[in-house]
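**Student:** Sequence first, predicted coordinates after that:
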Amino acid sequence: MFWSKKTDKLVQSEHLTLEGQPSVSVLLRPSSRARRLSLRVSKLDGRVTLTVPHGASRREAETFARDRAAWIREHLLNTLPELRPTLGDSIPFQGKLHPLVGDDRRAARIVDGRILLPHGDPNQIGVRLEALLKREARDRLAAASDHYAERVGRSFGRISLRDTRSRWGSCSSQGNLMYSWRLVMAPATVLDYVAAHEVAHLVHMDHSPRFWAQVEAICPDYRVPRAWLRANGTELHRYRFRS
């Protein structure tokens with residue numbers, strides 16, 4: 001039980017089960033920033049999340065979810081199957097599909113539009129492929145961050161790579177930058193835009209008009225890659241490289 005007995009407010013995430021065929025588990029997630037109850041169904045894994053604002057009661061949250069049970073199940077039908085690439089398949093790298101080809105060398109590499117992977121244990125293909133993508137992502141994101149940081153006349157702390165689903169990047173109050181390594185699978189302009197976006201937070205730690213003016217000043221065509229990411233970002237998360 002993660003509801004306050006005194007106030008009937010959600011104080012920690014918990015799961016609600018919607019009975020029916022099939023039953024559905026809904027993650028109730030408290031948020032001090034949310035202004036209203038909102039539902040999200042992930043196209044990747046079918047995860048259902050109900051964001052509960054601070055002022056909502058338990059009864060409100062449960063009623064909201066149950067009233068929308070049919071909507072939730074309808075959206076669950078659109079969950080995208082995951083893709084587990086192996087030799088002979090192709091994956092996107094910098095926005096273009098690259099075939100995965102077996103190679104006699106010991107290190108994975110990218111050559112002439114192909115991704116060459118060492119022959120060997122097929123269970124290691126995904127591990128080696130992910131490691132290669134992370135190395136490529138780090139190099140490109142570090143270079144892009146350096147470029148835009150110079151443009152705004154600010155310095156950043158460390159760069160870290162994660163596999164986040166809710167955001168493509170972030171900038172902490174200490175000036176540390178975090179990026180999703182999957183950005184290296186998107187077109188180069190998309191990776192550059194995200195780097196410009198996060199570096200702009202070194203100047204404005206918000207999404208005010210001044211912030212967007214700063215983004216446009218260093219990345220004038222940012223609206224195009226931003227739109228691409230919104231339309232196609234989910235596809236990048238379909239690729240699974242580990243069990």
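**Tutor:** Now that the structure is in, tell me what you want to look at.
**Student:** Let's check: the centremost residue of the protein is which one?
**Tutor:** With distances taken as C-alpha atoms, centre = their mean, residue 165 lies nearest the centre of the chain, 2.9 Å away.
**Student:** wait, doesn't that one sit right on residue 43?
**Tutor:** No - using C-beta atoms under 8 Å, residue 165 is not in contact with residue 43; the gap is 10.5 Å. Where C-beta positions appear, they are placed from N, C-alpha and C, glycine not excepted.
**Student:** Distance of residue 187 relative to residue 144?
**Tutor:** Applying C-beta to C-beta, to the nearest Å, the value for residue 187 to residue 144 is 13 Å.
**Student:** So between these two, which is more surrounded?
**Tutor:** Neighbours per residue, other C-beta atoms under 10 Å: of residue 187 and residue 144, the larger number sits with residue 144, 22 against 18.
**Student:** Is the more buried one in a helix, a strand, or coil?
**Tutor:** helix (DSSP: H, G, I helix; E, B strand; the rest coil).
**Student:** Compute the number of surrounding residues for the nearest residue to it once chain neighbours are set aside.
**Tutor:** Leaving aside its sequence neighbours, residue 144 sits nearest to residue 195 (C-beta to C-beta, 6 or more residues apart in numbering; 3.6 Å). For residue 195, the neighbour count with other C-beta under 10 Å is 27.
**Student:** who's in contact with the helix or strand where residue 195 lies?
**Tutor:** In the assignment (DSSP states H and E), residue 195 maps to helix 188-200. The contact list for helix 188-200 (C-beta atoms under 8 Å, 6 or more residues apart in numbering) reads 94-95, 137, 140-141, 144-145, 147-149, 151-152, 154, 156, 168-171, 177-179, 183-184, 211, 214-215, 218-219, 221-222, 224-226, 228-229.
**Student:** and if you look at stretch 114-132?
**Tutor:** 84-87, 91, 93, 98-110, 240-242.
**Student:** helix or strand for the residue nearest to the centre of the chain, which one?
**Tutor:** Under DSSP H and E, no helix or strand contains residue 165.
**Student:** Which parts of the helix-or-strand element of the chain with minimal mean pLDDT count as buried, going by neighbours?
**Tutor:** The weakest-scoring helix or strand in the chain, judged by mean pLDDT, DSSP states H and E, is helix 69-76 (a mean of 84). Across helix 69-76, burial judged by 16 or more other C-beta atoms under 10 Å covers 72-73, 75-76.
**Student:** I would like the residues contacting that helix, please.
**Tutor:** Residues from elsewhere that reach helix 69-76 (C-beta under 8 Å, 6+ apart): 18, 20, 22, 24, 26, 39, 41, 46, 48, 65.
**Student:** Done for today, thanks.
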